[in-house]
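[1] got a sequence here, can you build the structure:
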Amino acid sequence: MKREYYSYDKSQLMNAPKMPLYCLEDDDEVFRQMARQMVEEIENHNARGERTIFICPVGPVGQYPYFVEMINEKWISLRQVWFINMDEYLDEHCQWVPKDHPLSFRGFMERKVYSRIRPELVMPPGQRIFPDPNDVQAIPKLIENLRGVDVVFGGIDDSGHVAFNEADGSMSAEEFLAQKTRVLKISPETQTTNASGDFGGALEDMPHYCVTIGMDEIVHARKIRLACLGNRHRAAVRRLGYGDMTPEFPVSLLRNHPDITLTFPETVAMCG
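    Residues are numbered from 1 along each chain as shown. From the prediction side, this is the model:
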């Protein structure tokens with residue numbers, strides 16, 4: 001039987017969720033807000049002479065053009081900023097796909113973010129971090145040395161996985177949250193979803209492996225800022241807001257974080 005919360009209209013959805021939910025006018029406003037949050041966090045840390053440590057996604061990506069524009073226009077230095085990207089696709093030998101691969105997250109960040117920021121403002125290459133399949137302990141060690149992550153930015157989808165931490169009903173919540181950076185085989189369901197959304201449906205050419213940060217790195221950040229775009233994610237928002245906390249819907253395990261929000265546009269708030 002279909003759970004009642006899946007049929008919630010906007011007023012019911014926003015009435016008493018189990019975590020802070022915010023509804024903005026459209027996708028563009030969600031992206032702009034995320035970019036502003038990134039910039040404001042950096043400005044505040046720069047003013048105090050402190051480092052800023054982000055965990056960042058390549059999906060959603062609509063925030064990055066606004067972020068680049070704000071950084072360049074406001075002349076904000078990123079010299080004390082670290083971007084730790086969540087994940088990357090791997091080839092059949094479990095090595096990074098080349099940067100020129102159409103799905104490479106490293107290639108995307110180089111083309112669409114780092115190369116578009118003024119050279120005198122952009123962070124050094126050593127502060128543009130991706131999980132390394134040959135050294136999965138590097139990111140947990142880096143985060144420890146930097147004394148923690150300030151903000152995790154990310155998105156959610158139908159299955160509720162965060163980075164490539166996919167559902168696993170065989171694990172307890174504690175076991176799931178304790179997972180750290182690692183190499184994984186991507187589930188057929190995620191391959192199909194990502195091929196449809198990012199690769200023109202070319203499922204047979206989708207990478208089968210990835211390297212991802214773990215839930216442990218995410219849940220211990222000081223803030224978590226999630227965004228959800230697209231009508232097909234209406235159910236996921238309602239499940240996160242009102243469903244149970246379970247490894248079968250991984251993002252739900254973050255819900256008790258002391259400083260977490262989920263933002264989405266009006267179209268997602270509507271009952272479809």
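
[2] how about residue 137, nearest residue that isn't a chain neighbour?
    Distance criterion Cβ to Cβ, 6 or more residues apart in numbering; nearest residue to residue 137, sequence neighbours excluded, is residue 181 at 7.3 Å. Every residue, glycine included, has its C-beta placed from N, CA and C.

[3] over to residue 228?
    Counting by Cβ to Cβ, 6+ apart, the residue nearest residue 228 is residue 264, at 4.3 Å.

[4] please name the bridge partners of that neighbour.
    Using DSSP bridges, the bridge partners assigned to residue 264 are residue 23.

[5] my guess is it contacts residue 231, does it?
    No. With contact defined as Cβ atoms under 8 Å, residue 264 does not reach residue 231; the gap is 10.5 Å.

[6] what about the two, which has more around it?
    residue 264 (25 against 10; other Cβ atoms under 10 Å).

[7] which ones are touching that one?
    21, 22, 23, 24, 30, 227, 228, 229, 233, 237 (Cβ atoms under 8 Å, 6 or more residues apart in numbering).

[8] what's the local residue count around the first one?
    I take that to be residue 21. Residue 21 has 20 neighbours, counted by other Cβ under 10 Å.

[9] give the buried residues for stretch 182-198.
    The neighbour-count check on stretch 182-198 (16 or more other Cβ atoms under 10 Å) flags 182, 183, 184, 186, 187, 190, 191, 193, 194, 195 as buried.

[10] and that stretch, how far out from the chain's middle?
    Distance, stretch centre to chain centre, for stretch 182-198: 15 Å (Cα atoms, centre = their mean, to the nearest Å).

[11] contacting residues around that stretch?
    59, 90, 94, 103, 133, 136, 157-159, 161, 164, 166, 201-203, 206-212, 214.

[12] and those residues, which are buried?
    Here, 16+ other Cβ under 10 Å leaves 59, 90, 103, 133, 136, 157, 159, 161, 164, 166, 206-207, 209-212, 214 buried among these.

[13] looking at the residues you listed, which are in strands?
    90, 209, 210, 211, 212 (DSSP state E).

[14] just to revisit the earlier point, now that we have the buried residues of stretch 182-198, can you turn them into JSON lines and tack on distance to residue 125 and pLDDT?
    Below are the buried residues of stretch 182-198 laid out as JSON lines (distance: Cβ to Cβ, whole Å; pLDDT from 0 to 100):
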{"residue": "182", "distance to residue 125": "24", "pLDDT": "98"}
{"residue": "183", "distance to residue 125": "23", "pLDDT": "98"}
{"residue": "184", "distance to residue 125": "26", "pLDDT": "96"}
{"residue": "186", "distance to residue 125": "27", "pLDDT": "89"}
{"residue": "187", "distance to residue 125": "32", "pLDDT": "84"}
{"residue": "190", "distance to residue 125": "30", "pLDDT": "80"}
{"residue": "191", "distance to residue 125": "31", "pLDDT": "77"}
{"residue": "193", "distance to residue 125": "32", "pLDDT": "74"}
{"residue": "194", "distance to residue 125": "27", "pLDDT": "72"}
{"residue": "195", "distance to residue 125": "31", "pLDDT": "60"}
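
[15] can you tell me which of those is closest to residue 14?
    residue 193 (27.1 Å; Cβ to Cβ).

[16] which pLDDT value goes with residue 142?
    Note on residue 142: pLDDT of 98.

[17] shouldn't it be within a helix?
    Yes. Per DSSP: H, G, I helix; E, B strand; the rest coil, residue 142 lies within a helix segment.

[18] so the residue nearest to residue 137 versus residue 155, what's the distance?
    The gap separating residue 181 from residue 155 is 19 Å, by Cβ to Cβ, to the nearest Å.

[19] remind me which residues of the stretch 151-272 of the chain are low pLDDT?
    By pLDDT under 70, the weakly predicted segments of the stretch 151-272 of the chain are 195-199, 201-203, 272.

[20] redo that, cut-off 80
    Flagging of the stretch 151-272 of the chain using pLDDT under 80 yields the residue ranges 188, 191-206, 271-272.

[21] which residues in the stretch 101-250 of the chain form helices?
    Using DSSP state H, counting those that start in this stretch, the helices of the stretch 101-250 of the chain run over residues 105-112, 138-145, 173-177, 188-198, 215-219, 234-242.
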